[in-house]
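S.K.: I'll drop the sequence and a predicted model, then ask my questions.
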Amino acid sequence: MAKKTNDKMDRLVSLCKRRGYIFPSSEIYGGLNSCWDYGPLGAELKRNIKTSWWEAMTARRDDVEGLDAAILMHPKVWETSGHVEGFNDPMVDCKVCKARFKADDLPEGTVKCPKCGNESLTEPRQFNLMFKTFVGPVEDTGAVVYLRPETAQGIYVNYLNVKNSSRQKIPFGIAQIGKAFRNEITPGNFIFRTREFEQMEMQYFIHPSEDEKWFEYWKDQRWSWYMELGIKPEKLRWHEHGPDDLAHYAKKAYDIEYEFPFGWKELEGVHNRTDFDLSRHQEATGKDLGYKDERFDEKFVPYIIETSAGCDRTLLTVLIDAYDEDDSRGDKPTVLRLSPKVAPIKAAIFPLVKKDGMPEIAERVYQDLKKRFKVFFDAGGSVGRRYARMDEAGTPYCITIDGQSTEDDTVTVRERDSMEQTRHKIAELGDLIASRIG
């Protein structure tokens, strides 16, 4: 089983590099552990995922506002939030092979190194996961700042600014997509856990008496979004945090988990953070973060329902869920069955041969469609090989211009998953693709 798991991940990593989804960062210098660069198709897929999330969480709603907070924040923000003192993982080292492990990932009480087998592990010690740097030319304690380990705090400290400028009333939310950084002890599993990553978070501010209602509401909303992405529902499940697993700020927490090749792992968290965050910032700054309007008799500090997803982890999920090897496709069996909604390239345009006016018609179709979609022109090799390349890239539709096209302005449209081919008028292609990608 472990070998099959590793084989599938290895094949996916290979495909990602071959087709321009994801490359090892700084590869010509030997790479940097758990740092990755998104290639042409990866950047497009990531953009499509973020756009889908943003539309679901803000554009289609009246009660959620967007924000783009700075990565560098006042260091006291992280003292108040508890990150400086408590954002730690227990770490152990092997005295023989020098390997390093997160103690929580090892069986309790173990002294044997998982890598070399020697009974040579150190006692656990706490390791703070925040990256530290300095503002200005002098590196002293007064100039210390941190690369944010989460985007949520940028939302909390801007709660009043957003509420007042947008004239929103409780309940309302603030959504943000942005980079975060954690100096993980044991990152790995490709882009599942990395030291630099992108979060998609929303904080929904509510009256404390309505926390259960809104918690269940946002659970439903977030599950539905993964259905929109085309994720197989049988690969998803809810995991409730027990009393011993809850974070110190949480009254209730559920994770959406996905069955990765390396096991069931968290994809997104939905948390009832109560009034912990705003109350802490109110106490530390002296700013009144309470809320009152004509609907409520008393002033209160809002509770927060948080939805927290990782863009990189979602992208990995989309790729794994779409990866398939279909033996009916001959010696090129690999296909990425990506949802057309997020597929990087929506359609590929092929002239059957490079003569008889077909390249000119294909170029015209390409130029027309690229005004509306990300499309790709390919005239190299046999049509079968071109189909196979696009199947690996996850392109849902291939449009072939052939001899009949020169006579009646129709083309063949091949659908990736079924391989079914149908003929359509060139003038109808734009609306046809738009209707199919949603």
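M.R.: Cool, got the structure. Only a predicted model underlies this, so the values are computations on that prediction, with no experimental measurement involved. Residues are numbered from 1 along each chain as shown.

S.K.: Where do the helices of the stretch 51-200 of the chain begin and end?
M.R.: 75-81, 83-86, 152-156, 159-166 (DSSP state H, counting those that start in this stretch).

S.K.: Packed most tightly, which of those helices would that be?
M.R.: Among the helices of the stretch 51-200 of the chain, helix 152-156 has the highest mean neighbour count (mean count of other C-beta atoms under 10 Å), at a mean of 22. Where C-beta positions appear, they are placed from N, C-alpha and C, glycine not excepted.

S.K.: quick one on the thing from earlier: go through the helices of the stretch 51-200 of the chain and find the least confident stretch.
M.R.: Of all the helices of the stretch 51-200 of the chain, the minimum mean pLDDT falls on helix 83-86 (a mean of 82).

S.K.: helices or strands next to that one in the packing?
M.R.: Counting by 3 or more C-beta pairs under 8 Å, 6 or more residues apart in numbering; DSSP states H and E, the packing neighbours recorded for helix 83-86 are helix 75-81.

S.K.: helices and strands around the helix it packs on, which ones?
M.R.: Here helix 75-81 touches helix 83-86, strand 144-147, helix 152-156, helix 276-285, going by 3+ C-beta pairs under 8 Å, 6+ apart.

S.K.: Of the helices of the stretch 51-200 of the chain, which is nearest residue 340?
M.R.: Taking C-beta to C-beta, helix 152-156 is the member of the helices of the stretch 51-200 of the chain nearest to residue 340, at 32.1 Å.

S.K.: what does that closest one contact?
M.R.: Applying C-beta atoms under 8 Å, 6 or more residues apart in numbering, the external contacts of helix 152-156 come out as 67, 69-70, 73, 77-78, 81, 148, 174, 176, 178, 201, 203, 277-278, 281, 304, 306, 308.

S.K.: Quick one: buried ones out of those residues?
M.R.: 67, 69, 73, 77-78, 81, 148, 174, 176, 178, 201, 203, 277-278, 281, 304, 306, 308 (16 or more other C-beta atoms under 10 Å).

S.K.: care to break the protein down by domain?
M.R.: What the record gives for the chain is the domain set 40-84+130-320, 88-128, 330-437, from automatic domain parsing.

S.K.: re earlier: in a markdown table: the helices and strands packed on helix 75-81, plus distance to residue 392.
M.R.: Shown next, in a markdown table, are the helices and strands packed on helix 75-81 (distance: least, C-beta to C-beta, whole Å):
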| stretch | distance to residue 392 |
| --- | --- |
| helix 83-86 | 42 |
| strand 144-147 | 36 |
| helix 152-156 | 37 |
| helix 276-285 | 44 |
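
S.K.: Of all those, which one comes closest to residue 233?
M.R.: Once the helices and strands packed on helix 75-81 are compared by C-beta to C-beta, helix 152-156 is nearest, at 28.1 Å.

S.K.: rewinding a little: would you list the helices of the stretch 51-200 of the chain in JSON lines and tack on distance to residue 56?
M.R.: Output for the helices of the stretch 51-200 of the chain, formatted as JSON lines (distance: least, C-beta to C-beta, whole Å):
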{"stretch": "helix 75-81", "distance to residue 56": "27"}
{"stretch": "helix 83-86", "distance to residue 56": "29"}
{"stretch": "helix 152-156", "distance to residue 56": "17"}
{"stretch": "helix 159-166", "distance to residue 56": "19"}
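
S.K.: Quick one: closest of those helices to residue 313.
M.R.: With C-beta to C-beta as the criterion, residue 313 lies closest to helix 152-156 of the helices of the stretch 51-200 of the chain, at 16.4 Å.

S.K.: how much distance is there from that closest one to the middle of the chain?
M.R.: 19 Å (C-alpha atoms, centre = their mean, to the nearest Å).

S.K.: Run a quick check on residue 258 versus residue 239, I expect a contact.
M.R.: No - counting by C-beta atoms under 8 Å, residue 258 does not reach residue 239; the two are 10.7 Å apart.

S.K.: residue with max distance from the center of the chain?
M.R.: Ranked by distance from the centre of the chain (C-alpha atoms, centre = their mean), the top residue is residue 407, with 46.1 Å.

S.K.: So, low pLDDT: which residues of this protein?
M.R.: 1-6 (pLDDT under 70).

S.K.: Let's see that with 50 instead.
M.R.: Under the criterion pLDDT under 50, the flagged ranges of the chain are 1-3.

S.K.: who's in contact with residue 59?
M.R.: By C-beta under 8 Å, 6+ apart, the contact set of residue 59 is empty.

S.K.: For residue 309, see how far away it is.
M.R.: Per C-beta to C-beta, to the nearest Å, residue 59 is found 17 Å from residue 309.
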